[in-house]
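Enquirer: Pasting a predicted model and its sequence here:
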Amino acid sequence: MLKDERIMAVMSLAFVLLAFSNRYREAAITQQDFETCFPESETISKTSDSLIVLCMSAIQTAFFVTLPLRCSISMNMVLVIPGVYAATTLPLPESGLEVGLRRRLLMSAILFAIGLLGLVGRATMETGQRIKFLRLRLMKAEHTKEKVLRFKAEHEVIKGPFSRIVLSNPPGPPQDEEQSAGTQDTCSMATTAIIFGRSQNNEMLSLQLQSMTLIAEREHWLLNADHLECYDPDSSGLLGQGSFGLVFRGGYLGVPVAVKVPKLADCRGIAALSNELRVFRRLRHPYIVAFYGAFIADNADLVLVEELVDGPSLWNFVLNSSSPLDVETKRKILLSICHALVYLHGQVPTVVHGDLGANNIIVQKLTWQPKLIDFGLSQIQGQAAPMGGTPQWAAPEVVL
């Protein structure tokens with residue numbers, strides 16, 4: 001606050017000095033004859049104050065635009081500048097600067113209007129900055145709220161009917177102290193452990209799906225199955241077979257989509273597909289196929305709904321092309337894939353695709369833009385589980 005007051009005092013003093021830079025005003029204040037003190041000055045210097053008013057207007061405009069002062073402080077300058085001008089001009093003889101009282105008041109009004117416009121502009125800038133700041137705070141608050149909801153969902157599943165605490169402690173006689181301590185060690189897992197852990201029976205598979213549904217509702221990526229339409233596989237509706245199931249052509253609320261139906265012959269299938277979902281739901285990149293959401297089908301299958309990329313795989317694009325690809329096209333495709341990998345590896349924690357083969361890259365028709373698909377083997381760096389994938393596309397350190 002003290003700094004702002006100093007700036008205001010310096011600016012007020014500057015306007016006073018600027019007003020007294022006029023020779024006629026200087027002679028009148030010191031009670032000296034103008035022609036005697038400044039015999040070489042032109043007559044216009046005695047009757048016109050336009051240059052001083054112009055300089056004051058320019059400095060006033062720069063003051064509101066450049067100095068980072070709040071409107072509550074800078075608004076005083078709207079009255080200070082015309083006040084300084086009026087105080088240094090009205091006492092002068094009427095035959096002097098801006099001949100007549102009306103002309104001098106008009107000049108003061110012009111300075112007041114310019115200051116008022118500058119204040120309005122400054123208020124507009126300040127309002128825009130505050131709105132931007134509030135939006136940033138709201139975004140941070142929403143992000144924090146999303147994290148809190150996620151942790152609450154995991155906590156409820158740990159303590160709720162989906163946790164292994166309930167499975168390991170059925171109603172009955174209390175366990176002894178040693179057995180209870182072992183149970184507590186086994187049961188300190190989050191929802192992700194239930195979903196991505198190794199299951200032993202169909203009951204655990206059902207719990208995995210129920211746990212995933214709970215988290216999906218909290219994180220707003222659970223889709224309504226009634227809005228999804230799958231096309232007939234016999235009429236070009238089947239897009240292909242991935243590592244974990246079939247992929248069909250479909251539509252969701254009028255938008256063409258790819259519907260991935262997993263193979264859940266045992267409980268390990270849901271763990272693999274859930275891993276894809278966990279990685280996929282937070283990826284947004286032009287060279288990575290977009291994830292729209294998922295839902296639990298009536299037959300207890302987890303179904304993914306993804307962006308439909310119309311085009312062949314990179315394998316078919318290269319081998320079945322009618323004409324050899326030029327060097328520039330190959331370079332652009334490889335560069336786009338590298339951009340996608342840089343994005344994946346730049347995530348915190350790092351995401352590794354795990355099966356980056358030519359069959360897991362789709363090249364869009366017309367644009368020839370590649371997109372990475374099939375994140376079923378993606379891993380979060382730091383996990384102990386070994387990487388899989390197609391052997392011919394695996395990294396040497398994985399094979400060895």
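Expert: Structure's in. What do you need?
Enquirer: any idea which element the residue lying closest to R122 once chain neighbours are set aside lies in?
Expert: Spatial nearest neighbour of R122, excluding adjacent residues (Cβ to Cβ, 6 or more residues apart in numbering): F64 at 4.4 Å. Glycine gets a C-beta too; all of them are placed from N, C-alpha and C. Element membership for F64, per DSSP states H and E: helix 50-66.
Enquirer: which secondary structure elements does the helix or strand just after that helix contact?
Expert: Per DSSP H and E, the first helix or strand lying C-terminal to helix 50-66 is helix 71-74. If contacts are counted by 3 or more Cβ pairs under 8 Å, 6 or more residues apart in numbering; DSSP states H and E, helix 71-74 sits against helix 2-19, helix 101-159.
Enquirer: closest to L334 out of the ones you listed?
Expert: helix 101-159 (34.6 Å; Cβ to Cβ).
Enquirer: residues touching the nearest residue to V351 once chain neighbours are set aside, list them.
Expert: The shortest distance from V351 to any non-neighbouring residue, by Cβ to Cβ, 6+ apart, is to L344 (4.4 Å). With contacts defined as Cβ atoms under 8 Å, 6 or more residues apart in numbering, L344 is in contact with L283, I288, T350, V351, V352, H353.
Enquirer: What's the local residue count around the first one?
Expert: Using other Cβ atoms under 10 Å, L283 has 18 neighbouring residues.
Enquirer: cool, and the third one?
Expert: With neighbours defined by other Cβ under 10 Å, the count for T350 comes to 12.
Enquirer: ok so, going back, how about the helix holding F64, which residues are buried there?
Expert: The neighbour-count check on helix 50-66 (16 or more other Cβ atoms under 10 Å) flags I52, V53, M56, S57, Q60, F63, F64 as buried.
Enquirer: who are the neighbours in contact with the third one?
Expert: Contacts were defined as Cβ under 8 Å, 6+ apart; by that measure M56 touches F15, L18, A19, I81, Y85, L111.
Enquirer: related to what we said a few turns ago, how near is the residue nearest to R122 to A87?
Expert: 22 Å (Cβ to Cβ, to the nearest Å).
Enquirer: Same check on M139?
Expert: From M139 over to A87 (counting by Cβ to Cβ), the distance is 50 Å.
Enquirer: on that earlier part again, what's the farthest-apart pair in the contacts of M56?
Expert: L18 and L111 (11.7 Å).
Enquirer: the more surrounded of those two?
Expert: L111 (22 against 17).
Enquirer: rewinding a little: with respect to D374, which of the helices and strands packed on helix 71-74 lies nearest?
Expert: Smallest distance to D374 across these (Cβ to Cβ): 25.4 Å, for helix 101-159.
Enquirer: Buried residues of stretch 305-313, list them for me.
Expert: V305, E306, E307, L308, V309, G311, P312, S313.
Enquirer: is it true that P349 lies in a helix?
Expert: No - counting by DSSP: H, G, I helix; E, B strand; the rest coil, P349 is not part of a helix but coil.
Enquirer: where are the low-confidence patches of the stretch 1-150 of the chain?
Expert: For the stretch 1-150 of the chain, the stretches with pLDDT under 70 are 1-2, 26, 29-47, 94-99, 146-147, 149-150.
Enquirer: could I get the helices and strands packed on helix 71-74 as JSON lines with distance to V259?
Expert: Formatted as JSON lines, these follow (distance: least, Cβ to Cβ, whole Å):
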{"stretch": "helix 2-19", "distance to V259": "62"}
{"stretch": "helix 101-159", "distance to V259": "26"}
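Enquirer: Of all the ones you listed, which one comes closest to F317?
Expert: Nearest of these (Cβ to Cβ): helix 101-159, 38.2 Å.
Enquirer: who does L228 bridge with?
Expert: Y252 (DSSP bridges).
Enquirer: Looking at it now. What's its pLDDT?
Expert: Looking at L228, its pLDDT is 85.
Enquirer: Any idea how many residues pack against it?
Expert: 19.
Enquirer: same check, this time on T367
Expert: Residues near T367, counting by other Cβ under 10 Å: 8.
Enquirer: Ok, Q129 next?
Expert: Count around Q129 with other Cβ under 10 Å applied: 11.
Enquirer: cool, and A9?
Expert: Neighbour tally, A9, other Cβ under 10 Å: 10.
Enquirer: Find the nearest non-adjacent residue to L222, please.
Expert: A216 (3.5 Å).
Enquirer: what's the answer for S21, then?
Expert: Here the residue nearest S21, using Cβ to Cβ, 6+ apart, is I52, at 7.0 Å.
Enquirer: can you give me the strands in the chain?
Expert: Remark: strands assigned in the chain by DSSP state E are 228-230, 238-241, 245-252, 255-262, 291-296, 302-307, 351-352, 361-363, 370-372, 379-380.
Enquirer: Any chance of these in JSON lines with distance to L209 as columns?
Expert: Formatted as JSON lines, the strands of the chain follow (distance: least, Cβ to Cβ, whole Å):
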{"stretch": "strand 228-230", "distance to L209": "17"}
{"stretch": "strand 238-241", "distance to L209": "23"}
{"stretch": "strand 245-252", "distance to L209": "15"}
{"stretch": "strand 255-262", "distance to L209": "11"}
{"stretch": "strand 291-296", "distance to L209": "6"}
{"stretch": "strand 302-307", "distance to L209": "6"}
{"stretch": "strand 351-352", "distance to L209": "24"}
{"stretch": "strand 361-363", "distance to L209": "28"}
{"stretch": "strand 370-372", "distance to L209": "27"}
{"stretch": "strand 379-380", "distance to L209": "21"}
